[in-house]
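Undergrad: no FASTA, just this:
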């Protein structure tokens with residue numbers, strides 16, 4: 001089957017959940033002998049077309065502003081879709097790629113699926129209700145990343161919705177030694193490492209983790225926070241660290257390359273995701289596969305991944321005190337930490353990319369039969 005996957009941003013520059021998920025979906029579909037074409041935005045220094053991991057990548061120049069960007073993406077991707085001539089179109093969001101799939105689907109009589117991944121459903125944007133109804137109603141199939149996203153879609157559009165979560169390549173986390181990982185990252189013996197990996201954007205709530213670190217540091221002098229990522233809030237976050245005089249115990253590691261994430265996770269003691277809004281978060285699966293206990297906000301799809309007290313703790317958003325309390329509990333209680341570590345490693349096995357892509361492939365086949 002020839003499949004065209006449309007996604008706004010893509011690795012190697014962009015490494016958030018949707019981008020990493022798209023890479024893995026394309027790679028695993030190609031392994032299953034499908035001809036896969038990823039259509040995405042161009043990044044400086046990268047070729048317009050390439051082949052990687054067995055699938056094709058087409059990068060097109062577009063505007064960055066949301067509405068203009070969506071129209072620009074449509075205008076440039078639609079002729080490319082015509083040239084590729086896929087059996088099915090797959091959109092990884094509603095606005096940019098969803099609109100493009102809707103128009104291309106109508107013009108070239110191609111079925112498309114809309115895979116809703118969180119920001120397009122939870123985030124505010126102009127003409128959201130109108131565009132969402134248009135794209136979702138016309139899609140041959142709609143997929144939600146979580147049950148919570150499914151409920152939000154059903155408020156917009158009365159239709160059947162599949163639920164398929166993100167996945168993880170478990171083999172990347174096998175045979176990693178905590179001691180060796182800590183040695184490579186020059187982590188001192190006895191240091192208790194709290195880690196965050198993700199974008200520095202307002203909805204990620206990283207400032208509340210920094211405020212929590214102010215409390216944690218007063219009660220555990222060995223605690224250190226590693227912040228892996230970059231984004232528009234980086235300057236504000238660094239100023240907050242300076243204001244709280246936490247420079248000695250908070251390290252901005254920059255954007256951690258995807259292949260290095262297992263090493264950072266294995267070297268750490270607790271993973272924290274203080275989001276104000278979150279669809280799913282592949283980074284949670286990476287923490288689980290590393291055996292890390294998780295402290296995360298009780299928002300979006302996170303309660304579907306984290307069972308409070310079983311494989312981590314859920315806290316109220318914007319609550320540094322709760323974050324600090326749960327992190328300190330995990331740092332102090334080795335028995336609890338060990339129990340959660342074993343639970344997480346076992347739970348992570350449910351989310352292999354092989355299983356995820358098999359479910360996605362089944363939807364493709366059902367659509368192919370109907371068209």
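TA: Thanks, I have it. The shown structure was predicted, so the numbers you read here are calculated from the model rather than taken from an experiment. Numbering: from 1, shown residues only.
Undergrad: Return the distance of stretch 210-222 from the chain's centre.
TA: Offset of stretch 210-222 from its chain centre (C-alpha atoms, centre = their mean, to the nearest Å): 27 Å.
Undergrad: Can you give me the buried ones in the host helix or strand of residue 142?
TA: According to DSSP states H and E, residue 142 maps onto strand 141-144. For strand 141-144, burial by neighbour count (16 or more other C-beta atoms under 10 Å) applies to 141-144. Just so you know, the C-beta spots here come from the backbone N, C-alpha and C atoms, and that holds for glycine as well.
Undergrad: Could you look up the SS state of residue 189?
TA: coil (DSSP: H, G, I helix; E, B strand; the rest coil).
Undergrad: ok, how many other residues are close to it?
TA: Neighbour count of residue 189, defined by other C-beta atoms under 10 Å: 8.
Undergrad: before we move on, back to that, with respect to residue 300, which of the buried residues of strand 141-144 is nearest?
TA: residue 144 (11.3 Å; C-beta to C-beta).
Undergrad: Now for the closest one: which residues touch it?
TA: Each residue near residue 144 by C-beta atoms under 8 Å, 6 or more residues apart in numbering is listed here: 116, 121, 150, 153, 161-164.
Undergrad: mind running it again at 10 Å?
TA: Residue 144 makes contact with 114-118, 121, 150-154, 161-165, 279-280, 301 under the criterion C-beta atoms under 10 Å, 6 or more residues apart in numbering.
Undergrad: Buried subset of those as a ChimeraX selection?
TA: Buried residues among the contacts of residue 144 (16+ other C-beta under 10 Å), as a ChimeraX selection:
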select :114,115,116,117,118,121,150,152,153,161,164,165,279,280,301
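Undergrad: Just the contacts of residue 144: which are in strands?
TA: 114-116, 162-163 (DSSP state E).
Undergrad: Among the residues you listed, which pair sits farthest apart?
TA: 114 and 163 (13.4 Å).
Undergrad: Mutual contacts of the two, please.
TA: Common neighbours of residue 114 and residue 163, using C-beta under 10 Å, 6+ apart, are 143-144.
Undergrad: The strand holding residue 142 pairs with which strands, and in what direction?
TA: strand 112-116 (parallel), strand 162-163 (parallel) (DSSP bridges).
Undergrad: Please state the offset of the first one from the chain centre?
TA: Between the centre of strand 112-116 and the centre of its chain there are 16 Å (C-alpha atoms, centre = their mean).
Undergrad: How about stretch 10-20?
TA: With C-alpha atoms, centre = their mean as the basis, stretch 10-20 stands 8 Å off its chain's centre.
Undergrad: Also stretch 185-204?
TA: Worked out by C-alpha atoms, centre = their mean, stretch 185-204 lies 17 Å from the chain centre.
Undergrad: likewise stretch 75-82?
TA: Offset of stretch 75-82 from its chain centre (C-alpha atoms, centre = their mean): 26 Å.
Undergrad: buried stuff in it?
TA: 76-78, 80-81.
Undergrad: How about stretch 123-139?
TA: 131-132, 134-136, 138-139.
Undergrad: Determine which two of the residues you listed are furthest apart.
TA: 131 and 139 (12.5 Å).
Undergrad: Now do the shared contacts for these two.
TA: Contact criterion C-beta under 10 Å, 6+ apart; residues shared by residue 131 and residue 139: 94, 98, 102.
Undergrad: Make a markdown table out of the buried residues of stretch 123-139 and add distance to residue 180, secondary structure and pLDDT.
TA: Output for those, formatted as a markdown table (distance: C-beta to C-beta, whole Å; DSSP: H, G, I helix; E, B strand; the rest coil; pLDDT from 0 to 100):
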| residue | distance to residue 180 | secondary structure | pLDDT |
| --- | --- | --- | --- |
| 131 | 49 | helix | 87 |
| 132 | 47 | helix | 89 |
| 134 | 52 | helix | 91 |
| 135 | 47 | helix | 94 |
| 136 | 47 | helix | 94 |
| 138 | 52 | helix | 94 |
| 139 | 47 | coil | 96 |
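Undergrad: which stretches of the stretch 1-150 of the chain have low pLDDT?
TA: Along the stretch 1-150 of the chain, the model assigns pLDDT under 70 to residues 64-67.
Undergrad: how near is residue 63 to residue 98?
TA: 17 Å (C-beta to C-beta, to the nearest Å).
Undergrad: try residue 326
TA: To residue 98, residue 326 is 37 Å away according to C-beta to C-beta.
Undergrad: Of these two, which one has the most company?
TA: Remark: of residue 326 and residue 98, residue 98 carries more neighbours, 27 against 23, as counted by other C-beta under 10 Å.
Undergrad: Settle this for me: that one is touching residue 92, isn't it.
TA: Yes: with contact defined as C-beta atoms under 10 Å, residue 98 and residue 92 form a contacting pair (8.7 Å).
Undergrad: which residues do those two both contact?
TA: Contacts common to residue 98 and residue 92, judged by C-beta under 10 Å, 6+ apart, are 6, 114-116, 120.
Undergrad: now the strands: where do they sit in the stretch 201-350 of the chain?
TA: For the stretch 201-350 of the chain, the strands defined by DSSP state E, counting those that start in this stretch occupy 223-228, 250-254, 270-273, 294-297, 312-315.
Undergrad: what about those strands, which gets the closest to residue 342?
TA: Using C-beta to C-beta, the nearest of the strands of the stretch 201-350 of the chain to residue 342 is strand 312-315, at 12.8 Å.
Undergrad: by contact count, what packs against that closest one?
TA: Judged by 3 or more C-beta pairs under 10 Å, 6 or more residues apart in numbering; DSSP states H and E, the packing partners of strand 312-315 are strand 270-273, helix 282-289, strand 294-297, helix 302-305, helix 320-332, helix 334-348.
Undergrad: Which elements pack onto the longest one?
TA: Contact partners of helix 334-348 among helices and strands, from 3+ C-beta pairs under 10 Å, 6+ apart: strand 270-273, helix 282-289, strand 312-315, helix 320-332.
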